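Novice: Structure for the following, please:
(one chain, ligands or ions: 1)
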Amino acid sequence: MPNKSTIRRRLFARYYDRAIARYEHLLEPQKRELFSSLEGTVVEIGPGTGVNLALLPEGVRWIGIEPNEHMHPLLKEKAAALGFEVDLRDMHAEQLPLEDSSVDAVISTLVMCSLPDVSAALREVRRVLKPGAGLYFWEHVIAPEGVILRSFQNLVSPIHRFWADGCNTNRDLGTEIRAAGFSKVELQEFQAPRRAAPPWVRPHVCGIATR
Ligand SMILES: C[S@@+](CC[C@H](N)C(=O)[O-])C[C@H]1O[C@@H](n2cnc3c(N)ncnc32)[C@H](O)[C@@H]1O
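Specialist: Below you'll find the model as predicted:
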């Protein structure tokens, strides 16, 4: 008999594309721009249903690390429709099944909010990136200190976490990425548009952290 967390993960996978459709539509140009320089071997942590596959430049070799197996069939369907070859692994970002200094880029979009151990995952990302290669990140984060929304994000986080498969609305991921030992972090703060997301997941950071 499936436990409650399995049921929640299955439901999350089933409804994810519908829930994220408007967000993806409105933010697609900026995400495409972020990914435009990707080439070589690209590892995506937490790719979910594969919303980013259509935004990646042609010719990249893609490896996905996705522990929710209920996402896998949806991702594989998208990949097949795009004619995009994927190497999808049921594993965790905190323990990447890859050699040191072996990949040209890592992608993380809306993933670090859900990771059980962000520092361990960032350590792994740095380990597998070749020197000079980058982590391409796009994450929702907690609002800055002094902003009223910040208290609300703290308040709502446990409820959001329950319904959204472990997603925390109150992580300061910009600070975590900056503290993770990359040689350079280019980071942009922005707000997702009102029509894309509720207020508690609107503050975002995106950019490239270079090993
Ligand atoms: C909110 S979804 C984001 C999916 C996709 N990246 C996107 O932008 O729509 C978070 C994803 O992170 C995955 N995830 C959760 N814990 C993870 C871990 N430890 N390692 C890798 N992925 C993880 C979840 O299964 C889920 O697919």
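
Novice: Helix or strand: which one has residue 137?
Specialist: strand 129-140 (DSSP states H and E).

Novice: and residue 8, which of the three is it?
Specialist: Using DSSP: H, G, I helix; E, B strand; the rest coil, the structure places residue 8 in helix.

Novice: To clarify, my last question referred to residue 92.
Specialist: With three-state DSSP as the basis, residue 92 sits in coil.

Novice: contacting residues for it?
Specialist: 65, 67, 121 (C-beta atoms under 8 Å, 6 or more residues apart in numbering). (C-beta placed from N, C-alpha, C; glycine too.)

Novice: Roughly how far does it sit from the ligand?
Specialist: 4 Å (C-beta to the nearest ligand atom, to the nearest Å).

Novice: quick one: low-confidence parts of this structure?
Specialist: By pLDDT under 70, the low-scoring segments of the chain are 1-4.

Novice: Could you show which parts of it are in contact with the ligand?
Specialist: 20, 45-48, 51, 65-68, 71, 92-94, 109-111, 114-116, 167 (C-beta under 6 Å from any ligand atom).

Novice: Just the buried ones from these?
Specialist: Buried by 16 or more other C-beta atoms under 10 Å: 20, 45-48, 51, 65-66, 68, 71, 92-94, 109-111, 114-115, 167, out of the residues of the chain next to the ligand.

Novice: The residues of the chain next to the ligand in helices, which ones?
Specialist: Using DSSP state H, residue 20 are the members of the residues of the chain next to the ligand that sit in helices.

Novice: Show me where this protein has its strands.
Specialist: All strands of the chain, identified by DSSP state E, fall at 41-45, 61-65, 86-89, 103-109, 129-140, 184-191, 203-210.

Novice: for the shortest one, packing partners?
Specialist: Which is strand 86-89. If you count contacts as 3 or more C-beta pairs under 8 Å, 6 or more residues apart in numbering; DSSP states H and E, strand 86-89 packs onto strand 61-65, helix 72-82.

Novice: quick check, distance from that strand to the centre of its chain.
Specialist: Chain-centre distance of strand 86-89: 16 Å, with C-alpha atoms, centre = their mean, to the nearest Å.

Novice: just the first one next, same as before
Specialist: A distance of 11 Å separates the centroid of the chain from that of strand 41-45, by C-alpha atoms, centre = their mean.

Novice: and it, what other elements does it pack with?
Specialist: Secondary-structure packing of strand 41-45 (3+ C-beta pairs under 8 Å, 6+ apart): strand 61-65, strand 103-109, helix 118-128.

Novice: Please apply the same query to the fourth one.
Specialist: Helices and strands in packing contact with strand 103-109 are listed as strand 41-45, helix 118-128, strand 129-140; criterion 3+ C-beta pairs under 8 Å, 6+ apart.

Novice: Now do residue 145: how many residues are near it, please.
Specialist: For residue 145, the neighbour count with other C-beta atoms under 10 Å is 7.

Novice: quick one, phi/psi of residue 144?
Specialist: Per-residue torsions, residue 144: phi -60, psi 160 (degrees, to the nearest 10).
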